[in-house]
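My questions concern the predicted model and sequence given below.
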Amino acid sequence: MADPLAQIVSLLRPGAPFSKCVTGSGPWRVRRTQSPNPYYVAVLQGSMRYSDQQGEEVVVNAGDFILIPFAQDFMMWSAAPSNDNDMVIDPVILPGGGYRVGSVNGPVDMRALVGYCLFQSEDATLLSSLLPGVVVVRGQHRLSMLMQLLGDEAVDSRPGREVVLQHLLEVLLIEALRSSAKLCHSPGLLRGLSDDRLAAALRAMHARPERGWTVVELAREAALSRSGLHERFQSAVGMAPMEYLKTWRLALAKDLLRKREASVSEIARSIGYRSASAFSVAFLREVGMTPARYARDIRAPRPGRGAEAFEGAIA
């Protein structure tokens, strides 16, 4: 049976071209008003605090992993009491690599691996529509091992580094997301997958996107009534079942068009449209251009801003 979460992460093709080790000493604060790419922190020692524009404060301790899919305004600060006078503009670059926030000469009381996930797919917004505003995973042994491997690889320059980082991050994302699925209270894919009945409908859509699904058929997969599926799906995932199916089909279509390995009519059939014309009309309505033009105009993947843009910041 298809794994919706793994399929979406694989479709997005995540990479970690920018990752660095940050140490903290004493009081410090860092604030960013915009994070152009999903941002993560893996705390290896000590602890720090996180707060976003909604005002929710989260304590992140050693062994915890925090993923901020599309943060627009957030702040992180030390476990030690701090104020605005401790705000860090540019962290100190340490000899031999690494960055320091807070006291340069004081004892290290926080160590973390921070970085940005850059998605090669243009459908990175798909992630924001299916995930909560922040994902926090605590005390997961498998996650800790992955974080250590990612940290070792990020500071080394061995052959194949970029390939290894990409695959490690892909596994890390899946592990972090599925570890937090049961704890997720915000509408999105994670909450939907934590509901066994909705998960059955989601897996069916992902396993056979070419099938002409109806709400009745999806309700049968979930062992729910038609109205029961609609209400439960809308509440958990944040959109209606058929809207989710359309979103997933178009994401698949854009990926296939970028690869240029199939014709428009072949792509249309593979994602459940009876004709190329019906697919073209739907694609034009949602994307703003025809499939043929999209395939013709699309250039090399745009993975987001480059690593050099973040050299002076922890966040």
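Perfect, thanks for sending it.

which residues of the protein fall in strands?
Per DSSP state E, the chain carries strands over the ranges 14-25, 29-32, 39-52, 57-61, 65-68, 74-78, 92-93, 99-102, 110-119, 135-137.

Now do the helices in the stretch 151-300 of the chain.
161-180, 189-193, 196-207, 215-222, 226-237, 241-259, 264-270, 276-287, 291-297 (DSSP state H, counting those that start in this stretch).

Identify the residues contacting the fourth one?
Spelled out, it's helix 215-222. 197-198, 200-201, 204-205, 211, 225-226, 228-230, 232, 241-242 (Cβ atoms under 8 Å, 6 or more residues apart in numbering). Every C-beta, even on glycine, is put in place using the N, C-alpha and C of the backbone.

Low-confidence ranges, the stretch 1-150 of the chain, go.
1-2, 14-18, 34-37, 55, 70-72, 96, 118-133 (pLDDT under 70).

thinking again about what came up before, go through the helices of the stretch 151-300 of the chain and pick out the most buried.
Highest mean neighbour count of the helices of the stretch 151-300 of the chain: helix 189-193, a mean of 24 (counted as mean count of other Cβ atoms under 10 Å).

Let's see that helix as PDB, backbone CA atoms only.
Only the C-alpha atoms of helix 189-193 are listed here, as PDB (Å, rounded to 0.1, in the frame of the first residue of the first chain):
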ATOM      1  CA  LEU A 189      -1.600  15.400   6.500                       C
ATOM      2  CA  LEU A 190       0.000  14.200   9.700                       C
ATOM      3  CA  ARG A 191      -3.300  14.500  11.600                       C
ATOM      4  CA  GLY A 192      -5.100  12.700   8.800                       C
ATOM      5  CA  LEU A 193      -2.700   9.900   8.800                       C
END
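
tell me, how many neighbours does the closest residue in space to Val101 that isn't next to it in sequence end up with?
Of all residues not flanking Val101 in the chain, Trp28 sits nearest, at 4.2 Å (Cβ to Cβ, 6 or more residues apart in numbering). Using other Cβ atoms under 10 Å, Trp28 has 23 neighbouring residues.

Trp28 touches Asp84, doesn't it?
No - in this structure, Trp28 is not within contact of Asp84 by Cβ atoms under 8 Å, at 11.4 Å.

re earlier: right, so of the helices of the stretch 151-300 of the chain, which gets closest to Met110?
The closest of the helices of the stretch 151-300 of the chain to Met110 is helix 161-180. By Cβ to Cβ, the value is 20.2 Å.

for the closest residue to Val59 other than its chain neighbours, what are its contacts?
Once flanking residues are discounted, Val59 sits nearest to Arg49: 5.6 Å by Cβ to Cβ, 6+ apart. Arg49 makes contact with Glu57, Val58, Val59, Val60, Met76, Trp77, Ser78, Ala79, according to Cβ under 8 Å, 6+ apart.

Return the entry from these with the maximum number of neighbours.
Met76 (27 neighbours).

distance between the ends of stretch 67-76?
End-to-end distance for stretch 67-76: 13 Å, by Cα to Cα, to the nearest Å.

Distance from that stretch to the middle of the chain?
The chain centroid and the centroid of stretch 67-76 are separated by 12 Å under Cα atoms, centre = their mean, to the nearest Å.

Just the closest of the contacts of helix 215-222 to Ser144, please.
For the contacts of helix 215-222, the nearest to Ser144 is Leu198 (30.1 Å; Cβ to Cβ).

Surely that closest one and Ser235 touch.
No - assessed by Cβ under 8 Å, Leu198 is found out of contact with Ser235, at 9.6 Å.

can you list the weak-confidence ranges in the stretch 151-300 of the chain?
151, 154-155, 166, 177-186, 299-300.

please redo it, this time with the cut-off set to 50
The stretch 151-300 of the chain contains residues with pLDDT under 50 at 300.

In the sheet, which residues pair with the residue nearest to Val59? Tell me.
Beta-bridge partners for Arg49, by DSSP bridges, are Val59, Trp77.
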